[in-house]
Every structure is written in C-alpha cells, then in structure tokens.
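J.: A structural model of the following input is requested.
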Amino acid sequence: MSSVWFGSGVGDDGEYRLCGDVNGKRVVELGIAPTPASATPNAIVLARAGAKAIAVDPSAERIDALRGHAEKAEVRVECHQSELPDLGFATSASVDLVVASHTIDAIDDVSRLLRQVHRVLKPDATFVVALTHPVAAMFDGGSSAPVRRYGAAPSRSMSELFMAFERTNFHIEVMHELTSANDRSAVAPTVLLLRARKVGV
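T.: Numbers count the residues shown, from 1 in each chain. Alright, predicted model coming up:
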C-alpha cells in the first residue's frame, strides 16, 4: 500500500511513521508534492487512509490534476488554490496534521508560513516537513553548475530552519537526514525530514 512520499529515492511514511493514524482526522497537504508519475499523490494517500484531506496549492494546473486523481481514486479531497501561507479557509486550531513534502523550500517568508500553520493546528498537533537538505542544496544544480554558498537563498541553513520553527512555537521532535538510494556516490544527505509539534495555543 502506498504511503506519504518524502522524496525520490528515500523512504516514505510507511518507513518513518511520522504522520501517525490519520483516520477521521483533518489533514492539510501544504503544496501538492511533486510526486513522480508512478507514485500516488499524498492527498490521495491520506484520503484513502480515512483522513479528511485538504490540499492547498497556488497552481490551478496542479489542483485540477489532483482533482482528477481523486475522482479516479473515488476519494474526496477538498482543494484550495492559494499561496501556501494563506490558510484563511481554516479556522484556528481546526487541523490535526499538516504535511509539506518538497513544497516550502523556496518560500520567502517561512516565518509567516509557520505562524499560519501554527494557527490552524490543534494544540500538540504536528507539522511534517520534507525539504531539500541544506547541504545538498549547495550542489543541486548538478556537476556543471557552480556550488552555492551554504544557506544561500533560496535554501536556508540548518540553524535558520531550527530557529524559524522555535520562534514560531514549534518543537522539532524528530529529524532525519536522508540520502537517496538512487545516488550511491552522494557526499551529503539529499532530504531533511522533520516532525515538529505545536507548542501552546
């Protein structure tokens, strides 16, 4: 059975079990993950597991494609076309889980996004995030591209990410640095996988 996708060549949530039991829970996919054609979209996976799945994405094309997938899978996914930090459709403390898989890497104001995620999550609820590892981001242009400085935009350093979460009242409780099984010669992890818990109200 398919599980929430965290990146090409790395394990999914069937291996890491960060999302927990989503049956009957209100779950937001923050940005439609760029899953390969062979993978089931995350919002569909969550809906099949019994979640009240909601997808937010700025792209009308991705929203339309997801709606088509949901219809074929005979599941319901509530879709909202908006920028990722614009979560006005959700009332405060109404969401059980937010998942963002390779969709927040290039967000300019990550603190604003985190404040909105914190607002919509219920107390002690979790935010599961997969993104390009900050070290791998230095080399993501391939062998012909120049190496970028560590933490240079659009990437962030580990400390910048950690402090952004802490300052918006999230506690990072799980962190995995994953290396793609497709690249045996990798010199750095390719994916940073986090589970952060909402602190306070």
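
J.: For the protein, which segments count as strands?
T.: Per DSSP state E, the chain carries strands over the ranges 26-30, 52-57, 77-81, 95-101, 121-132, 170-178, 191-198.

J.: ok, residues contacting the first one?
T.: Contacts of strand 26-30 with the rest of the structure, by C-beta atoms under 8 Å, 6 or more residues apart in numbering, involve 19, 42-43, 46, 51-56, 84, 87, 90, 94-101, 103-104, 113, 117, 120. The way it works is simple: take the backbone N, C-alpha and C, and place the C-beta from them, glycine included.

J.: what angle separates the longest helix seen in the chain from strand 52-57?
T.: Longest helix in the chain, counting residues (DSSP state H): helix 60-73. Between the axes of helix 60-73 and strand 52-57, defined by axes from the mean of the first three to the mean of the last three C-alpha atoms, to 10 degrees, the angle is 150 degrees.

J.: Give me the angle between helix 60-73 and strand 77-81.
T.: Computed by the same axes, to 10 degrees, the angle separating helix 60-73 from strand 77-81 equals 170 degrees.

J.: Tell me the helices and strands packed up against helix 60-73.
T.: Packing contacts for helix 60-73, counted by 3 or more C-beta pairs under 8 Å, 6 or more residues apart in numbering; DSSP states H and E, involve helix 42-48, strand 52-57, strand 77-81.

J.: circling back: ok, which of the strands of the chain comes nearest residue 36?
T.: Nearest of the strands of the chain to residue 36, taken as C-beta to C-beta: strand 95-101 at 12.2 Å.
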